[in-house]
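A.B. asks: I need the structure of the sequence given here:
(chains A and B)
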Amino acid sequence: MGYSFNISTFNNVLRELSADYIIYAPVKIFNKGVFSDTDLVTYGQIKTLEDIEFEEKSHFSSKEIFFPITQTLFYFTEDAFSLPKISPKKIIIFCRPCDANGIQRLDQIFLKNGDLMDNYYNELRKKVHLFVLECKYSFDTCFCVSMGANKVDRYSAFIRRAGDTVLCDVSVDFEDRFSKYGTYVNMTPVFIESNDIKVDIPEKIPKSIFYHKLWDEYSERCIACGRCNVVCPTCSCFTMQDIFYEDNPYCGERRRVWASCMIDGFTDMAGGNSFRKNKGERMRFRLLHKIHDFKQKFGSNHHMCVGCGRCSDVCPENISFTACIQKLNQAVQSSDQRGLKS
Amino acid sequence: MNNPYLPVKAKIINVKPQTEIDYTFRLETAIKVASGQFFEVSIPNVGEAPISVSDFGDDWIEMTIRNVGKLTNVIHKLKPGSHLFIRGPYGNGFPIQQMSDKDLIIAVGGTGLAPVKSILSQYCKKTIHLKSLTLLTGFKSPADILFREEIEEWRKEFCVELTVDKDDTKNWTGNIGLITGLISKVSISDITNTQVITVGPPIMMKFSVIEFLNRKIAKENIWVSFERKMCCGIGKCGHCKIDNTYICLDGPVFNYYVAQNLID
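C.D. replies: Numbers count the residues shown, from 1 in each chain, chains lettered A, B, ... in the order given. Have a look, this model is predicted:
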C-alpha cells in the first residue's frame, strides 16, 4: 500500500517507530572520510529523515548491525559461562537493494550452511526489518544488474524521496504506523535497470584457470589490507578470539571478530602449515567465492556478490573487481587457454 | 535456543606422554564419536582449536595433542583432574561401513596416526570387520614414534610396517626412509577390493596418493583426511573453505576422487 508524506509527517512516523525500533540508515559524517576534507558515508542510528544520506553510496554495508565486527559469544568466570544480553528493541535498516540482497546471502551462510544454525546471527537478524531506499541513479562502480541484485521483492517498506515528498510502499506489518500520518497514493517501486558497468560471469570454471597467469598481477598489486572484505556486504568470515581482563585473568570473554581471506594468517595452522601464500591466489579465492562457489554450493539463483562495487571503491591499489571478472571471463572463453602456466 | 558455540566441560582422566611434544589426553565424556571426527577444544581465556579424536570408548574420548601453538602449550601443562572445554564432534569421519570385508591399507605420517588410531583399536576389539588390515606408518625419527605400546599390540593382530625419515640415534634397527618406500612394496592381493586411507602432512599425503595410484589403486578407493584452520566447525567461519567445499562440513575425510579437485 502506498503513502505520501512531507518531511514533517514522515518524521512523525520515525518518532513513533523509535519507541520499538532502533533505526539505522546511511548517514554522512563530516570530515571523517579517508582523505582530508572528505566525509564518511556509513550506517548509523537516525532520528529524522534529514539524518539519512540519500545522494551517495555508503562506504560500508549494513552488515555490522546484525553481524558485529566484534561480537561477544559468552563471558566466562573461571569455568562458568554467561551469555551477553541483547537489546529487546527491534531493528529497522534503511538500505539500498544491493545491501538488502546482501543480507540474504549472509542468511544463507549463517542460517543454512550445515545443519546447525548460527544462533547469535539469528537472534539479531530476526529483529531486522528492511526499509529499502530507491536508487535514483547507478553510482560509478555499481554492477548490481549484472548480479541480479538490483531488485528486492520482500521489504517492510520501500522509500522514495523526491524533494520534500517521501513516497512509501508499505507492507502489511507496518501499515498502521504509516497510514496514521500519510495520505494514500499509488506507488510502484522503481529499480535500477542498467549500470554503466556490466560483467559477464563465466558459468563453468575449469580447474586449469586456477593456474592461469591472470592472477599473477594481483600478487604484485594487492597489499593484503583486507579492505575489500570489510566493506563487502556478503563477506561473513570470522575468527574466534579469547580475551581476559587485565585485573583478573580468570574472567574474560570469547568473541568472534571479522576475518579477511586477503590478509596474512587466514589459513595459518598451529605447526606452521598455511595455504594461499600469494595474494593472487587469495584474489582468485575471493573472486570465485563471490561469483562461482556460493551459487554452485547452494544451487541458488544468485551469486554471492551483489554488485555494490564497494571493494573496487575502497581498494588503495585501485584493483577493480569487475575488471578482474572480465579478465577471468576472457581467459575462460579463450579456447586456446593462452596464458596457462605449465 | 540451542547454542552450538557453547562448549561443555570435560574432565581429563589421564595424560600419557607419547613423545616430548605429543601427549594423549583421555577425557571423561559420554559424547558419541566416529573415527575421523574432531572437536573444537578450548581453554577459556586461551583459545579454541580443532583437534581430532584419536580413540574413544563408551564414556571417554582421547585426543593426541602436539604442543605446537598457543592453546596446546597450555593444554600440555594440564594434569589429570583438570578440565578441557569441548564442543562437537564435527565432520564426517571415515566410511568404515563401506570397508567391511575389504582389504584396508592405512598409510599415515606423524600425528596423522592419531585420527586413524580408533580404527586400529576397533579392529583389534573386533567391533569392525575388515578382510585384512595393513598399517604403514612413518615418523621423522625414532624419538617421534607415537603409540609405541599399542603398535606392539597391533603387530599381533595385523601387518604393521614402520619407517623413520632419518635415524639420529644410531641404534635404530627398523626401516629408514619415506613412507612412499613402504607403499611401493606393500602387498596388495585383490586390487579391486583394497581400500586406502592416508593421513598426514599435505606433502606426505600428496606423494602417498601418487604412490598408491602407481600401484593401480583406483582413486575411488583412496580416502584422505584434511587438516585446515577451522574456527567454528559448523560451516560459518569460512576459514576451511576450498572452492565450494567446507572441510568441517563435507570432510575432513574425502574420497580422493573429490579431493583431487580441491585446490586451496
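A.B. asks: contacts and neighbour counts: CA atoms only from here.
C.D. replies: Will do.
A.B. asks: Next, count neighbours for B:K32.
C.D. replies: The local packing of B:K32 (other CA atoms under 10 Å in any protein chain shown) involves 13 other residues.
A.B. asks: just A:E16 next, same as before
C.D. replies: That count, for A:E16 with other CA under 10 Å as the rule, works out to 12.
A.B. asks: Likewise for B:E20?
C.D. replies: By the criterion of other CA under 10 Å, B:E20 has 10 neighbours.
A.B. asks: Remind me which helix or strand it belongs to.
C.D. replies: According to DSSP states H and E, B:E20 maps onto no helix or strand at all.
A.B. asks: Repeat that for A:C324.
C.D. replies: Using DSSP H and E, A:C324 sits within helix A:321-333.
A.B. asks: contact partners of that helix?
C.D. replies: Residues from elsewhere that reach helix A:321-333 (CA atoms under 8 Å, 6 or more residues apart in numbering or on different chains): A:197, A:199-202, A:205-206, A:209, A:214, A:287, A:309, A:311-312, A:337-338.
A.B. asks: likewise stretch B:102-117?
C.D. replies: Contacts for stretch B:102-117 (CA under 8 Å, 6+ apart): B:35-37, B:52-55, B:63-64, B:66, B:130-140, B:144-146, B:179, B:183, B:190, B:193-201, B:204, B:208.
A.B. asks: Just the buried residues of those.
C.D. replies: B:35-37, B:52-55, B:63-64, B:66, B:130, B:132-140, B:144-146, B:179, B:183, B:194-201, B:204, B:208 (16 or more other CA atoms under 10 Å in any protein chain shown).
A.B. asks: Return the subset of the residues you listed lying in strands.
C.D. replies: B:52, B:55, B:63-64, B:66, B:132-139, B:194-199 (DSSP state E).
A.B. asks: where's the most centrally placed residue in chain B, which helix or strand?
C.D. replies: Centroid-nearest residue in chain B, with CA atoms, centre = their mean: B:P115, separated by 1.9 Å. Assigned by DSSP H and E, B:P115 falls within helix B:113-124.
A.B. asks: any idea where the strands of the stretch 151-264 of chain B begin and end?
C.D. replies: B:159-164, B:175-176, B:194-199, B:222-225, B:241-242, B:245-246, B:253-255 (DSSP state E, counting those that start in this stretch).
A.B. asks: Out of those strands, the one nearest A:I159 is which?
C.D. replies: With CA to CA as the measure, strand B:241-242 is the member of the strands of the stretch 151-264 of chain B nearest A:I159 (37.8 Å).
A.B. asks: any low-confidence regions in the chain?
C.D. replies: I'll assume chain A. Low-confidence segments of chain A (pLDDT under 70): A:335-342.
A.B. asks: right idea, wrong chain: chain B
C.D. replies: B:1.
A.B. asks: what does it put close to chain A?
C.D. replies: Contacts of chain B with chain A, taken as CA under 8 Å from any CA of the partner chain, map to B:1-6, B:9, B:44-48, B:68-69, B:228-229, B:231-232, B:234-240, B:243-245, B:249, B:261, B:264.
A.B. asks: now these: which count as buried?
C.D. replies: B:4-6, B:9, B:44-48, B:228-229, B:231-232, B:234-240, B:243-245, B:249, B:264.
A.B. asks: can you tell me which of the contacts of helix A:321-333 are in strands?
C.D. replies: Per DSSP E, those never map to strands.
A.B. asks: where exactly do the helices run in chain A?
C.D. replies: A:7-17, A:97-112, A:119-125, A:175-179, A:216-221, A:227-231, A:279-288, A:294-298, A:310-314, A:321-333 (DSSP state H).
A.B. asks: got the buried residues for the last one?
C.D. replies: Of the residues in helix A:321-333, those buried by neighbour count under the rule 16+ other CA under 10 Å are A:F321, A:T322, A:C324, A:I325, A:Q326, A:L328, A:N329, A:A331, A:V332.
A.B. asks: And the fifth one, how close does it get to A:A157?
C.D. replies: Shown here: A:Q326 relative to A:A157, a distance of 35 Å by CA to CA, to the nearest Å.
A.B. asks: same thing with A:E50?
C.D. replies: Counting by CA to CA - A:E50 and A:A157 are separated by 18 Å.
A.B. asks: if you count what's nearby, which of those two comes out ahead?
C.D. replies: Neighbour tally, A:E50 and A:A157, criterion other CA under 10 Å: the higher count belongs to A:A157, 26 against 11.
A.B. asks: quick one, what contacts that one?
C.D. replies: A:A157 sits in contact with A:L130, A:F131, A:V132, A:C168, A:D169, A:V170, A:S171, A:F174, where contact means CA under 8 Å, 6+ apart.
A.B. asks: Make TSV out of those residues and add neighbour count.
C.D. replies: Below are the contacts of A:A157 laid out as TSV (neighbours: other CA atoms under 10 Å in any protein chain shown):
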residue	neighbour count
A:L130	21
A:F131	26
A:V132	27
A:C168	30
A:D169	24
A:V170	22
A:S171	17
A:F174	14
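A.B. asks: Return only those of those found close to chain B.
C.D. replies: By CA under 8 Å from any CA, no member of these lies near chain B.
A.B. asks: how many other residues sit next to the residue nearest to A:G307 when sequence neighbours are not counted?
C.D. replies: Ranked by CA to CA, 6 or more residues apart in numbering or on different chains and with sequence neighbours excluded, the top spatial neighbour of A:G307 is A:C144, at 4.1 Å. By other CA under 10 Å, 26 other residues sit near A:C144.
A.B. asks: correct me, but A:C144 touches A:H303?
C.D. replies: No - using CA atoms under 8 Å, A:C144 makes no contact with A:H303, being 11.1 Å away.
A.B. asks: right, and the helix or strand after the longest strand along chain B?
C.D. replies: Counting by DSSP E, the longest strand found in chain B is strand B:8-17. Of the helices and strands lying after strand B:8-17 in sequence (DSSP H and E), the nearest is strand B:22-28.
A.B. asks: quick check: angle from that next one to strand B:8-17?
C.D. replies: Using axes from the mean of the first three to the mean of the last three CA atoms, to 10 degrees, the direction of strand B:22-28 lies 140 degrees away from that of strand B:8-17.
A.B. asks: So what's the gap between strand B:22-28 and the chain middle?
C.D. replies: 14 Å (CA atoms, centre = their mean, to the nearest Å).
A.B. asks: Give me the contact list for the following helix or strand past that strand.
C.D. replies: Helices and strands here follow DSSP H and E; after strand B:22-28, the next one along the chain is strand B:38-43. Strand B:38-43 is contacted from outside by B:7, B:48-53, B:71, B:75, B:84-91, B:231-233, using CA under 8 Å, 6+ apart.
A.B. asks: Can you name the residues bridging to the nearest residue to B:L133 once chain neighbours are set aside?
C.D. replies: Using CA to CA, 6+ apart and skipping the chain neighbours, the partner closest in space to B:L133 is B:L104 (4.9 Å). Beta-bridge partners recorded for B:L104 (DSSP bridges): B:L133, B:Q195.
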